[in-house]
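J.: Got a predicted structure here, sequence first:
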Amino acid sequence: MTTVPPPLPYRVADAWAETADTRSIELVPAGEALAPFSPGQFAMIYAFGVGEVPISASALRGRHGGLVHTVRAVGAVSTALYRLRPGDTVGLSGPYGTGWDLESAAGHDVLVVAGGIGLAPLRPVVHTVLDRSAEYGRLAVVVGARTPVDLVFRDEIERWRGPARVEVTVDRPGPGWQGAVGVVTTLLDHLDLHPERTCALVCGPEVMMRHTARDLVTRGLVPHRVQVSLERNMHCATGHCGHCQLGPLLLCRDGPVVGYDRVADLLLVREL
C-alpha cells in the first residue's frame with residue numbers, strides 16, 4: 001500500500017491576504033527540499049498539532065523562490081494555515097497527483113476558465129504559458145467570483161491583460177463594479193474561439209465545471225482537450241482511504257486533473 005512519507009519541515013517565507021477569508025503562503029525548505037512540482041499537482045500541508053490537508057500549488061516559484069499555496073479558511077486545518085505568519089513552520093509532502101497536461105497543449109490556443117478559488121491551481125498554468133509564449137497560441141483567461149471582493153489575485157489578473165485576453169464576471173456586483181455579471185459561461189461568447197486548435201483548462205465549483213465543460217464541447221472542443229481539476233474530498237493523497245472516489249477514479253491518485261472525456265458521464269450521476 002502506498003503511504004504518505006513523513007512531511008519535511010518548510011518555513012513560511014511570506015504570507016499575505018488575497019480576500020477577507022483567503023491568504024497565500026510562500027513556503028521554503030527548512031532543510032531537505034521536495035521534488036519540483038508541476039502546475040496542477042498538490043501537496044499535503046501539515047499544521048503541527050492540528051492536522052493536514054491537500055492543497056494545490058498556486059505558484060511554483062514565489063518571491064523568495066518557494067512554493068506558494070492559497071488557502072481559504074473553512075475548517076480547523078485550513079484556518080490554522082490561514083493564520084500562519086512569516087517564520088512559522090509547517091510540514092510538507094508531495095508532489096502528488098496529476099498536473100495540467102501542458103505538453104499536449106503546446107501549439108494550441110489555451111483557454112483557462114476559473115471559478116472562485118479555483119483560479120489558484122490554474123495560476124501556474126497562466127505563469128507557464130506567459131513565460132513560454134512562443135510554445136503556445138493565444139491565451140485567454142476567464143474568471144468568475146461570487147462578488148468583486150471575493151476575486152483572488154485581483155492585481156495580477158489586471159497585469160495579465162494585454163499578454164492574454166482576460167474576462168471577469170461576478171454573481172453579485174458590489175458598489176462601483178463596472179464589469180460583467182453572471183456565470184462564467186456567458187463570457188465564452190466574448191471570445192474568438194477556434195475549437196479545432198483550443199485546449200481548455202477548467203477549475204472551480206463542480207457545477208461550474210460541469211456546465212463549462214459541456215458548453216465548450218457543444219462549441220466544438222473535443223472532450224479530451226478539455227481538462228478539469230476535481231479536487232473534491234481529497235484526503236489521504238494516495239487514494240487508499242476512498243474519500244476521493246468518483247466512480248472508478250480515485251482522484252488523489254488518478255487526478256486531480258483529468259480529461260473531460262473520462263468524467264463527463266460520471267459528473268452527471270447524482271451524488272456519485
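T.: Everything's here; your move. Residues are numbered from 1 along each chain as shown.
J.: any low-confidence regions in the stretch 1-150 of the chain?
T.: With pLDDT under 70 as the threshold, the stretch 1-150 of the chain has low-confidence stretches at 1-4.
J.: Run through the stretch 151-272 of the chain and note the low-pLDDT ranges.
T.: Regions of the stretch 151-272 of the chain meeting the criterion pLDDT under 70 cover residues 271-272.
J.: in it, which spans are helices?
T.: Applying DSSP state H, counting those that start in this stretch to the stretch 151-272 of the chain gives helices spanning 154-160, 206-218, 251-254, 260-263.
J.: can you put these in TSV and add distance to A73 and mean neighbour count?
T.: (Glycine included, C-beta is placed from N, CA and C.) Shown next, in TSV, are those (distance: least, CB to CB, whole Å; neighbours: other CB atoms under 10 Å):
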stretch	distance to A73	mean neighbour count
helix 154-160	18	14
helix 206-218	21	18
helix 251-254	23	22
helix 260-263	29	20
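J.: out of those helices, nearest to E103?
T.: Taking CB to CB as the measure, the helices of the stretch 151-272 of the chain were each checked against E103, and helix 260-263 came out nearest at 17.2 Å.
J.: Tell me the helices and strands packed up against that closest one.
T.: The helices and strands touching helix 260-263, judged by 3 or more CB pairs under 8 Å, 6 or more residues apart in numbering; DSSP states H and E, are strand 226-229.
J.: Quick check: buried residues in stretch 227-235?
T.: For stretch 227-235, burial by neighbour count (16 or more other CB atoms under 10 Å) applies to 227-231, 234-235.
J.: Tell me the helix or strand right after the helix or strand hosting V129.
T.: If you go by DSSP states H and E, V129 is part of helix 119-131. Sequence-wise, the next helix or strand beyond helix 119-131 is strand 139-145, with elements assigned using DSSP H and E.
J.: Appreciated, that's everything.
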